[in-house]
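Undergrad: Sequence isn't available, so here's the structure alone:
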């Protein structure tokens with residue numbers, strides 16, 4: 001009996017105070033500075049969530065989030081290089097040059113449910129670290145690290161789930177997804193990014209809750225959908241997106257058995273992955289242009305049979321494609337601008353007149369349009385001689401470009 005009790009105590013101890021050690025070398029110096037200052041002023045403070053998760057599975061953290069029992073106003077008083085933001089949940093952004101670190105107060109379940117005009121529930125009830133952990137979505141995101149004491153607080157077996165590569169939800173998946181159906185998208189994104197298997201019970205509830213996503217305000221869900229394809233794991237992301245029927249809800253163009261379409265989209269996603277891998281910025285407009293291009297191109301080819309002017313056929317194809325897409329899932333105007341510019345610049349690559357070449361080369365959207373043209377070349381939509389000519393032009397210096405256009 002005593003042995004069983006001792007084992008239970010050991011198990012509980014491991015659950016709350018893991019022996020894992022994280023070197024401070026992996027932690028942002030600015031994050032360490034914030035925690036040291038908060039603790040110096042008798043506040044509790046921890047690095048939480050994705051940063052700890054990623055370090056433990058040997059990934060480079062994208063950013064460092066901090067939680068504390070200090071209120072937003074108390075945090076603001078300590079850090080003059082900060083500002084309080086948020087309506088749904090007030091938190092603090094602390095600025096160190098280009099690095100921004102988010103500091104939030106421990107959350108608790110609100111006693112009274114209040115909703116904003118867009119239907120999102122207000123979430124400004126402060127609590128304890130235990131209450132904060134209970135409010136988080138997945139076990140692997142509920143890890144708290146105190147870099148001063150070098151301790152990890154793991155309330156829901158997140159470290160064990162990291163070891164077994166399982167994505168599990170904290171609490172009852174049915175209730176947690178009912179609270180916020182957007183968590184279903186986050187689950188799919190984390191599964192692709194971390195290469196984790198989604199827990200069976202969670203997977204069942206995701207399938208059931210997906211229709212509810214249509215009721216979520218478009219402005220809130222748009223960025224979450226795009227993030228699925230910006231994890232650096234394109235093929236798995238696309239497969240999950242289609243397998244969970246998210247394509248029916250958001251981008252029907254992706255829901256096709258056409259090998260031509262699938263290859264084009266996968267090539268585009270691979271190029272996106274390559275840019276993420278080397279730290280280059282990603283324009284979501286480029287990705288959306290890839291998703292919808294085959295629809296545009298097919299319509300353009302049909303319209304060209306009836307129209308004297310190719311540019312008119314292209315413009316009509318773009319307009320109809322966007323109208324069709326916006327009935328399903330509208331795309332933000334800023335991305336539509338990028339998409340349409342990329343598409344409309346494509347015919348201009350065919351004109352090698354010196355003045356027109358340099359005019360195109362100076363266009364703000366040239367690089368994205370050029371990359372898109374290369375992608376089309378890989379699908380034999382563009383003559384490889386033209387692709388080679390432009391590649392030589394782009395890679396040459398100013399003098400070389402002048403010579404190329406004069407040949």
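TA: Yes, it's here. Keep in mind the model is a prediction, meaning the values are calculated, not measured. Residues are numbered from 1 along each chain as shown.

Undergrad: Could you use CA atoms for every contact and neighbour count after this?
TA: Fine.

Undergrad: And the strands in the stretch 151-300 of the chain, which stretches?
TA: Along the stretch 151-300 of the chain, counting by DSSP state E, counting those that start in this stretch, strands occupy 151-154, 166-167, 197-198.

Undergrad: The last one pairs with which strands, parallel or anti?
TA: Using DSSP bridges, strand 197-198 pairs in its sheet with strand 166-167 (parallel).

Undergrad: Can you list the neighbours in contact with the strand it pairs with?
TA: 138, 139, 140, 161, 187, 190, 191, 196, 197, 198, 199 (C-alpha atoms under 8 Å, 6 or more residues apart in numbering).

Undergrad: In JSON lines, list these along with pLDDT.
TA: Below are these laid out as JSON lines (pLDDT from 0 to 100):
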{"residue": "138", "pLDDT": "97"}
{"residue": "139", "pLDDT": "97"}
{"residue": "140", "pLDDT": "96"}
{"residue": "161", "pLDDT": "96"}
{"residue": "187", "pLDDT": "95"}
{"residue": "190", "pLDDT": "93"}
{"residue": "191", "pLDDT": "94"}
{"residue": "196", "pLDDT": "95"}
{"residue": "197", "pLDDT": "95"}
{"residue": "198", "pLDDT": "96"}
{"residue": "199", "pLDDT": "96"}
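
Undergrad: where does the stretch 151-300 of the chain dip in pLDDT?
TA: Residues of the stretch 151-300 of the chain meeting the criterion pLDDT under 70: 257-258, 260.

Undergrad: Now with 80, please.
TA: Per-residue confidence for the stretch 151-300 of the chain (pLDDT under 80) gives these ranges: 219, 231, 234-235, 255-262.

Undergrad: Could you do the stretch 1-150 of the chain as well?
TA: Counting by pLDDT under 80, the ranges of the stretch 1-150 of the chain that qualify are 1-21, 87-88, 110-124.

Undergrad: that older thread, out of the strands of the stretch 151-300 of the chain, which gets nearest to residue 259?
TA: Taking C-alpha to C-alpha as the criterion, residue 259 comes closest to strand 197-198 out of these, the separation being 26.6 Å.

Undergrad: How many neighbouring residues does residue 169 have?
TA: By other C-alpha atoms under 10 Å, 24 other residues sit near residue 169.

Undergrad: Isn't it up against residue 142?
TA: No - using C-alpha atoms under 8 Å, residue 169 makes no contact with residue 142, being 10.1 Å away.

Undergrad: Just put the contacts of strand 166-167 in CSV and tack on neighbour count and distance to residue 362.
TA: Supplementary listing: the contacts of strand 166-167 in CSV, determined by neighbours: other C-alpha atoms under 10 Å; distance: C-alpha to C-alpha, whole Å:
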residue, neighbour count, distance to residue 362
138, 24, 47
139, 26, 49
140, 26, 46
161, 16, 51
187, 23, 42
190, 19, 39
191, 22, 41
196, 18, 44
197, 16, 46
198, 20, 47
199, 16, 50
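
Undergrad: In JSON lines: those, plus distance to residue 368.
TA: Rendered in JSON lines, the data for those read as follows (distance: C-alpha to C-alpha, whole Å):
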{"residue": "138", "distance to residue 368": "36"}
{"residue": "139", "distance to residue 368": "39"}
{"residue": "140", "distance to residue 368": "36"}
{"residue": "161", "distance to residue 368": "40"}
{"residue": "187", "distance to residue 368": "30"}
{"residue": "190", "distance to residue 368": "28"}
{"residue": "191", "distance to residue 368": "29"}
{"residue": "196", "distance to residue 368": "32"}
{"residue": "197", "distance to residue 368": "34"}
{"residue": "198", "distance to residue 368": "35"}
{"residue": "199", "distance to residue 368": "39"}
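
Undergrad: Sort out which one of those lies nearest residue 399 for me.
TA: Nearest to residue 399, judged by C-alpha to C-alpha, of the contacts of strand 166-167 is residue 190 at 47.6 Å.
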